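> here is the input, now give the coordinates:
(one chain, ligands or ions: 1)
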Amino acid sequence: MIPVFFTSSTGNSETAAKKIAKELGNAQVFDLAKVGVDEIKKHDKMIIGSSTWGEGELQDDFEDIWDSFANIDFTGKTVALFGLGDQDGYSYNYVDAMGLIYNQVVQNGGCVVGSYYDGEYEFEESISFKDGVFVGLALDEDNQSDLTDGRIKTWCEEIKGSF
Ligand SMILES: Cc1cc2nc3c(=O)[nH]c(=O)nc-3n(C[C@H](O)[C@H](O)[C@H](O)COP(=O)(O)O)c2cc1C
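Residues are numbered from 1 along each chain as shown. A predicted model of the protein is given here:
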């Protein structure tokens with residue numbers, strides 16, 4: 001079973017998590033705000049996704065668990081990330097939270113797979129954008145909801161080999 005962890009304020013990341021789980025099969029969705037970081041510690045392979053709020057900040061529930069999240073030893077763990085954001089309204093902070101999560105997982109020894117880019121994005125800056133690709137699946141329900149299902153399908157095909 002592949003756990004798909006999310007936190008979400010208005011439901012967009014939750015919906016994306018459910019779509020990803022359905023696409024992968026053999027996956028289970030967990031709201032991190034409910035299960036807590038201890039559930040993460042139980043798994044060697046996982047998917048983690050959340051949205052960006054404020055100006056490039058973590059979503060509230062993720063902010064609440066951040067201190068314990070930042071203490072997880074990710075050595076030997078494989079992680080794929082997804083992030084929700086608004087590239088038009090927050091063009092200088094698009095899906096920044098995914099980049100913050102990425103940096104912490106890598107710093108704590110984790111192996112992050114599933115970088116993504118399809119050329120359809122229009123944004124100025126993002127912590128999640130490194131070497132010409134996003135560090136995970138960047139989604140935008142505010143401006144490009146029509147692209148979401150295709151992006152999820154393509155990305156899931158890409159990461160299946162790692163899971
Ligand atoms: C007040 C506010 C601040 C936001 N800040 C950002 C931001 O800094 N970067 C970004 O990419 N999206 C930002 N967003 C957009 C949300 O991340 C986006 O709507 C997302 O789909 C919400 O997902 P959720 O329902 O899972 O929380 C912001 C939205 C609001 C209303």
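> only C-alpha atoms from now on, for both contacts and neighbour counts.
Noted.
> who in the chain is up against the ligand?
8-14, 51-56, 84-87, 90, 93-95, 141-142 (CA under 6 Å from any ligand atom).
> need the buried ones from those selected in ChimeraX.
A single ChimeraX command selects the buried members of the residues of the chain next to the ligand (16 or more other CA atoms under 10 Å):
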select :8,12,13,14,51,52,53,56,84,85,86,87,90,93,94,95,141
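> partner strands of the strand ranked longest in the chain and their direction?
If you go by DSSP state E, the chain has its longest strand at strand 45-53. Strand 45-53 sits in its sheet next to strand 2-6 (parallel), strand 57-58 (antiparallel), strand 78-84 (parallel), going by DSSP bridges.
> from the chain's centre, how far out does it sit?
Offset of strand 45-53 from its chain centre (CA atoms, centre = their mean, to the nearest Å): 3 Å.
> same question for stretch 131-145.
The chain centroid and the centroid of stretch 131-145 are separated by 10 Å under CA atoms, centre = their mean.
> so for it, what's the average pLDDT?
For stretch 131-145, mean pLDDT is 98.
> picking that back up, which of the strands paired with strand 45-53 is buried the deepest?
Stretch with highest mean neighbour count among the strands paired with strand 45-53: strand 78-84 (a mean of 26; mean count of other CA atoms under 10 Å).
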